[in-house]
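> The following comprises the amino acid sequence and a computationally predicted model.
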Amino acid sequence: MDLPVDEWKSYLLEKWSLLPTSIQLTISTAETLSDIFLQSSLLLQPQDEMFLKRLSRGYFVGKDPEAPLFYREEGNKKFQEKDYTGAAVLYSKGVSHSRPNTEDIALCYANRSAALFHLGQYETCLIDIMRAQTHGYPERLQPKIMLRKAECLVTLGRLQEASQTINDLESNFTAKPALADSPFHILQRNLHHLKIKIQEKKNLTEIFPAALAKAFEDMDLREENEKISSASSSVSLCTDPLKGRYLIATKDILPGELLVKEAAFVSVLTPGEMQPLHQALDSKWSTKVTNGDLYCHQCLKHTLATVPCDGCTYAKYCSQECMQQAWELYHSIECSLGGLLLTLGVFCHIALRLTLLARFENVGEIIRKLCDETSLKDISLPENKNMVKTLNYGQGESEENGKIVQTPIPGCDVNGKYENNYYAVFNLLPHTENHSPEHKFLCALSVSALCRQLEAASLQALTTGLKCSELKAVATPDFCPDLDIWGVAMLRHMLQLQCNAQAITTIQQTGSKENIITDSRQVRLATGIFPVVSLLNHSCSPNTSVSFISTVATIRASQQIRKGQEILHCYGPHESRMGVAERQQKLRAQYFFDCNCPACQTEAHRMTAGPRWEAFCCNSCRAPMQGDDVLSCGNRSCTESISRDHLVSRLQDLQQQVKMARELLRNGKLEQAVRRLLGCRHKAESFLSAEHTVAGEIEDGLAQAYAALGDWQKSATHLQKSLQVVEVRHGPCSVEMGHELFKLAQIFFSGFAIPEALNTIQKAEKVLLVHYGPWHDDIQELRKMKSCLLDLPPIPVGPSM
Ligand SMILES: [Zn+2]
Ligand SMILES: [Zn+2]
Ligand SMILES: [Zn+2]
Ligand SMILES: [Zn+2]
């Protein structure tokens, strides 16, 4: 996903292995990135490019005129099954394959508006109706969407407009009755109902709650740091030869305090994370739901009502504005390269987009100076962190003499300020000497192939496809005359990304809508570069928590941080997710360092049999089992012993059964699911510790099943057991714990167990607030639940729980 596809990777690695040793040596020992790039790209042959082109064609990103009908029909099937989300996604795919101003696109938009209507997304539904009409929705079908429009308006309380729409519809209909598809009396009846609805609404002097304040603008750093943009004044930037750059607390910090709020300098939506719908196997068009179907290509906002790029099917946006913005910033050049970029992987894509964005910053100087070989060396060589020469830029005087000045901390400008800009990005370490020669060769040739495509395709796009004057300005011939310079910059970015790419994640709700408990999981949405977040060092037990809204990362203290302590975040290998050996191995391979965090130190000394959430227990006395290949009971008076292989295979067996039970649960076969899960639980008790992750999953499944059956009490009991497992593994204040508490609150809430619900809501809010801040959806939801409960009459009616 990050790196190029396997076929291209192995093709290049084979090419590398066939190179004469002398050439391999030249590339391996090249001192600068520019040498590596130039030496490698000399070796890119036309047949290599042909091979790559063939691979790229495997990703069809163009528009297929036959696809809209196919997707509309597939969407209609989902619609019949009342899977409105699935239907909306398929209609969106149909939209993305349609040309503007065709019946195809109008019909797809109109059908999607129906799905959105059923999903209760009335505002979006109205927008889609408008889109259908702008693209020439056939007149014979007009009454259908006009009626839908009126219904939306009524539901939204926009009664004046609703009446107007109905009047229009009626007069239109009386004028040309033959036009309508639906029989006259049906339409009449619908109109009649709507009019009654309007009257009822008018009688109700209902005040509609004002829309929630736009959360996001309010969520701000209390005081922005003068020296580091996007960071709070509670931190400061330090540097040290061993640690490199890092942030420390300048005062005592409380849990939940916002420390960094930074918009990605660049982000690229991850195409992966396929979520299969029902796949029509014999079709050339995929019905799979991908990130690109659900999130805006530009701002990453979640939407079911995407608008596609006019030129391709892989870029879909939440709005016209995002489409326009993306086009001006980068998509005018990327549009025709979709297949190639998917083949070359996300890192290559980000590298390209970074250089495209760099054109707009006040760093034209950097790129131009890059053209000068000497400054290139200066930029790409020094990896010694405490003594780095940086280019002086942005100041009038330095423009004249181009002198190189010393700044104490790399990435900072002459005034010592560190900002979220291309200059800071450029200064992130590429760790050139740590990457294997093969890897550098792979990156260099991929970038080089991309450059040749750019030369061929985008220069043309630059001159013909321009939509904005700004672009014209940078596309003038004196802009970076040498594509090789771009190549070197892109190579640098590709190498930087391995250590500096930040996964942008989101919590996706899974499971059917009928389920009262939402089953959520974290998914990777995009990969981004955040220069300020990149300043944070890693710990396997970090003192911060990161979350994302759109393309903005927020970092909050997850615990108290004392003045002078380092601010740490986790690069992925977290102590609650893997053992120390695995973490160390991962960090060394990807980030080139040995982790020395407190978690690693204590765990390495402890040499325990592993964490409790992976522990086996004795069949006869339930004491923990100990040992390596053969485990024996930890209780001295017990003589049980058993081979690890045997336990592991029992565990795999059990996991398989849990999976099947969850499948039943998903398909609504609740009684069967419960029976199976209870069986699994019985088995688990005979050899797994009560805090084992699988035991937790079983309890969680049971909780979901009972909730769906309406048995709140049982559901809550099981969820509380699952909660204990999560607490042992992730800690009582972890975000995982917050999500579990949220679920428990939902159960109590639905069961009208008011005191329990209020109590759990409070706990969940406390935990989630620390990680997400007050404006997160979950917090808002909890507060809604709370106010709803507090408005209830004091004596609960009917059986409580
Ligand atoms: Zn957007
Ligand atoms: Zn496009
Ligand atoms: Zn560690
Ligand atoms: Zn025992």
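Received, thanks. Residues are numbered from 1 along each chain as shown. Ligands and ions are numbered 1, 2, ... in the order given.

> Could you list the low-pLDDT ranges of the stretch 551-700 of the chain?
604-609 (pLDDT under 70).

> and the residue of it nearest ligand 2?
In the stretch 551-700 of the chain, no residue comes nearer to ligand 2 than residue 551, which is 19.1 Å away by CB to the ion. For glycine as for every other residue, the C-beta is placed from the backbone atoms N, C-alpha and C.

> My guess is that residue contacts residue 526. True?
Yes: Residue 551 is within contact range of residue 526, at 7.5 Å (criterion: CB atoms under 8 Å).

> dump the residue contacts of the residue of the stretch 351-500 of the chain found nearest ligand 3.
Taking CB to the ion, ligand 3 has its nearest neighbour within the stretch 351-500 of the chain at residue 499, 15.7 Å off. Going by CB atoms under 8 Å, 6 or more residues apart in numbering, residue 499 touches 428, 429, 431, 590, 591, 592.

> how about a cut-off of 10 Å?
By CB atoms under 10 Å, 6 or more residues apart in numbering, the residues touching residue 499 are 428, 429, 430, 431, 434, 534, 538, 571, 590, 591, 592, 593.

> And the furthest pair within those?
430 and 538 (17.9 Å; CB to CB).

> Have a look at those two and say which one is more surrounded.
Neighbour count, other CB atoms under 10 Å: between residue 430 and residue 538, residue 430 has more, with 25 against 19.

> which SS state does that one fall under?
Following DSSP: H, G, I helix; E, B strand; the rest coil, residue 430 is assigned to coil.

> Now it: closest residue in space that isn't a chain neighbour?
Spatial nearest neighbour of residue 430, chain neighbours left out: residue 495 (3.8 Å); criterion: CB to CB, 6 or more residues apart in numbering.

> roughly how far out does the host helix or strand of that neighbour sit from the chain middle?
In this structure, residue 495 is located in helix 483-500 according to DSSP states H and E. Here helix 483-500 is found 23 Å from its chain centre; the criterion is CA atoms, centre = their mean, to the nearest Å.

> Show the subsequent helix or strand relative to it.
strand 502-510.

> which helices and strands sit right next to that next one?
Judged by 3 or more CB pairs under 10 Å, 6 or more residues apart in numbering; DSSP states H and E, the packing partners of strand 502-510 are strand 266-269, helix 291-294, strand 519-529, strand 544-549, strand 552-557.

> helices or strands up against the last one?
Identification of packing neighbours for strand 552-557 by 3+ CB pairs under 10 Å, 6+ apart yields strand 258-263, strand 502-510, strand 544-549, helix 754-772.

> Export the ones you listed to TSV and append columns for mean neighbour count and mean pLDDT.
Output for these, formatted as TSV (neighbours: other CB atoms under 10 Å; pLDDT from 0 to 100):
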stretch	mean neighbour count	mean pLDDT
strand 258-263	22	92
strand 502-510	17	81
strand 544-549	22	90
helix 754-772	20	92
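
> Which among these is found nearest to residue 655?
Among those, strand 502-510 sits nearest to residue 655 (CB to CB), with 18.4 Å.

> could you give the angle of that closest one to strand 544-549?
Angle, strand 502-510 to strand 544-549, by axes from the mean of the first three to the mean of the last three CA atoms, to 10 degrees: 70 degrees.

> who touches both of residue 551 and residue 526?
264, 266, 267, 269, 300, 504.

> closest to residue 721 among those?
Of the shared contacts of residue 551 and residue 526, the one sitting nearest to residue 721 (CB to CB) turns out to be residue 504, at 33.1 Å.

> And the closest residue to that closest one other than its chain neighbours, how close does it get to residue 503?
Excluding the flanking residues, the one nearest residue 504 by CB to CB, 6+ apart is residue 526, at 4.2 Å. Distance, residue 526 to residue 503, using CB to CB, to the nearest Å: 8 Å.

> any shared contact partners between these two?
Joint contacts of residue 526 and residue 503 (CB under 10 Å, 6+ apart) are 270, 548.
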